[in-house]
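*Asks:* Provide a 3D model corresponding to the input given below.
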Amino acid sequence: NDLLDLSKLEAGKMKFESVELDVATVVRSALGAVEPEAKARKLELRTQLAARVPPRLLGDPNRLRQILLNFLSNAIKFTPCGTVELRTRKLADEERTVRLRFEVVDSGIGISSADQAKLFKNFSQTHESVARKYGGTGLGLSISRMIAEHLGGCVGVDSELGKG
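*Replies:* Have a look, this model is predicted:
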């Protein structure tokens with residue numbers, strides 16, 4: 001429940017864990033959860049896991065999966081035809097820390113640069129007409145941003161209107 005997660009995050013009450021996780025397993029789980037919707041929309045769902053990504057890391061697999069699901073679900077929602085791809089690669093390997101980058105790349109409707117600033121704010125949608133047409137609460141990406149920041153990461157967007 002997005003509202004409950006938002007409340008927990010804002011109150012500092014959301015539980016996070018640090019356990020051994022298999023990145024490939026978390027990625028496959030997220031893709032498996034969105035696969036039926038992608039198939040129903042006749043979208044090609046792809047993944048690319050770079051060879052340099054360590055097989056086992058410490059982290060929160062449930063929160064990572066939650067972030068990936070939010071980004072994948074949005075990509076599928078806003079992609080009328082074509083592909084949605086989840087790419088995973090290692091950015092840095094420092095003392096006892098590995099920094100990964102997860103990218104969701106799609107052939108969807110894209111987002112103007114003016115609207116990109118709204119994406120990660122609570123209850124925010126790029127435009128009212130988008131909310132009416134596609135639905136949603138405007139909380140998923142905001143929650144993903146807060147979780148990523150809590151875990152020491154960040155989120156962002158690189159898009160152009162009409163170009164996914």
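*Asks:* contacts, neighbours, all on C-alpha from now
*Replies:* Fine.
*Asks:* need the contact list for D106.
*Replies:* A75, T79, G82, T83, V84, E85, G164 (CA atoms under 8 Å, 6 or more residues apart in numbering).
*Asks:* switch to 6 Å and redo it
*Replies:* T83, V84, G164 (CA atoms under 6 Å, 6 or more residues apart in numbering).
*Asks:* How about I109: what's its closest non-neighbour residue?
*Replies:* G162 (4.7 Å; CA to CA, 6 or more residues apart in numbering).
*Asks:* Touching, the one you found and G108? I think so.
*Replies:* No. Between G162 and G108 no contact is recorded; they are 7.1 Å apart, counting by CA atoms under 6 Å.
*Asks:* Which of those two has more residues huddled nearby?
*Replies:* G108 (23 against 11; other CA atoms under 10 Å).
*Asks:* Which neighbours in the sheet does the longest strand anywhere in the chain have, and how are they oriented?
*Replies:* Counting residues, the longest strand in the chain under DSSP state E turns out to be strand 83-94. Sheet pairing for strand 83-94, assigned by DSSP bridges, gives strand 44-49 (parallel), strand 97-106 (antiparallel).
*Asks:* which parts of the shortest one are buried?
*Replies:* Of the residues in strand 44-49, those scored as buried under the neighbour-count criterion (16 or more other CA atoms under 10 Å) are L45, T47.
*Asks:* Off-centre distance for it?
*Replies:* Here the centre of strand 44-49 is set off from its chain's centre by 14 Å, with CA atoms, centre = their mean, to the nearest Å.
*Asks:* After that strand, which helix or strand is next?
*Replies:* Next in sequence after strand 44-49, counting helices and strands by DSSP states H and E, comes strand 56-59.
*Asks:* The last one now?
*Replies:* Next along the chain after strand 97-106, taking DSSP H and E as the criterion, comes helix 113-116.
*Asks:* low-scoring stretches of this protein, by residue?
*Replies:* 2-3, 6, 122-138 (pLDDT under 70).
*Asks:* At the geometric centre of it, which residue sits there?
*Replies:* By CA atoms, centre = their mean, the chain has its centre lying nearest to F71, at 2.9 Å.
*Asks:* Where does that one fall, secondary structure wise?
*Replies:* helix 61-77.
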